[in-house]
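[1] predicted coordinates and the sequence they were generated for:
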Amino acid sequence: MNLLLTASAVFTFIALFFVFSMTRHIRRRRPVRATGSLAGGLVATVLGGASILLAFSYYGYGRLVDEQVVGKIEFSQSAPGEFTARLMIDGEPDRLLELRGDEWQIDARVVLWKPPVTLLGLDPIYQLDRLSGRYSDIDDEMKEQRTVYALTEELTLDVWRVARQFPRLVPGVDAYYGTATYVPMADGARFEVTLSRDALIARPVNEAARKAVGDWGQ
């Protein structure tokens with residue numbers, strides 16, 4: 001993080017230097033040198049912007065180190081096909097969310113790096129994206145009421161969105177993908193959600209959850 005902030009400051013200073021140099025050459029009517037300063041300023045601006053983008057995203061996302069627990073969730077049934085989910089994420093207040101359907105699904109965004117960004121020693125980063133209820137029957141999925149909740153606010157500077165829309169601006173992104181897991185909901189069921197570099201995993205941690213998963217598809 002400190003390296004990213006330092007790089008942002010350095011490239012910003014370099015860009016300002018080129019702007020000053022370009023202005024001076026224009027005043028002295030040196031178009032070739034002014035053009036060279038403009039080119040240098042543009043390169044420094046792009047690199048500085050990329051550094052700022054990475055710094056904000058690295059701060060706003062969680063760091064992914066091997067497989068790790070990213071949250072827990074438990075359910076209480078309020079009516080047929082309706083559940084109250086208690087979502088527990090470390091460092092955040094617990095949330096009570098109403099879900100409809102037979103199953104629950106949680107989605108996450110994952111960003112991996114490649115050179116030159118890997119030279120900074122950055123870990124992969126992730127962000128839990130949304131929690132939703134889903135129906136095991138396709139017809140129900142199409143006609144019944146769906147419930148979905150955003151789990152994070154959109155960042156002003158988000159490497160995920162920029163990499164998808166302008167991949168050339170962030171050449172250090174190796175992969176940016178969504179991953180999800182879904183399992184049945186059941187009254188009293190409690191699950192632990194873990195995330196590896198490959199996928200989200202929902203593991204049952206009590207008997208109600210193990211029974212729900214064991215009966216899945218029967």
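    Sure, I can see it.
[2] give me the contacts around stretch 73-85.
    Stretch 73-85 is contacted from outside by 86-88, 96-102, 104, 106, 131, 133, 144, 185-191, 193, using Cβ atoms under 8 Å, 6 or more residues apart in numbering. Backbone N, C-alpha and C define where each C-beta goes, glycine included.
[3] start to end distance for it?
    Terminal residues of stretch 73-85 are spaced 7 Å apart (Cα to Cα, to the nearest Å).
[4] from the contacts of stretch 73-85, which land in strands?
    Applying DSSP state E to these, the entries found in strands are 86-88, 96-100, 104, 106, 131, 133, 190-191, 193.
[5] give me the buried entries from those.
    87, 97, 99-100, 104, 106, 131, 133, 190-191, 193 (16 or more other Cβ atoms under 10 Å).
[6] want to try CSV for those residues, with distance to residue 70 and pLDDT as columns?
    Shown next, in CSV, are those (distance: Cβ to Cβ, whole Å; pLDDT from 0 to 100):
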residue, distance to residue 70, pLDDT
87, 11, 97
97, 16, 97
99, 18, 97
100, 24, 96
104, 15, 97
106, 9, 96
131, 12, 97
133, 19, 96
190, 15, 97
191, 12, 97
193, 5, 95
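[7] correct me if wrong: residue 101 contacts residue 185.
    Yes: judged on Cβ atoms under 8 Å, residue 101 makes contact with residue 185 at a distance of 7.2 Å.
[8] any common contacting residues for those two?
    residue 133.
[9] where along the chain do the helices fall?
    Assigned by DSSP state H, the chain shows helices spanning 2-27, 31-60, 138-143, 159-165, 207-214.
[10] what residues does the third one touch?
    In other words, helix 138-143. Residues outside helix 138-143 that contact it (Cβ under 8 Å, 6+ apart) are 101-102, 134-135.
[11] neighbours around the nearest residue to residue 128 once chain neighbours are set aside, how many?
    Take residue 128 and drop its neighbours on the chain: the residue closest to it by Cβ to Cβ, 6 or more residues apart in numbering is residue 151, 4.4 Å away. Neighbours of residue 151 under the rule other Cβ atoms under 10 Å: 18.
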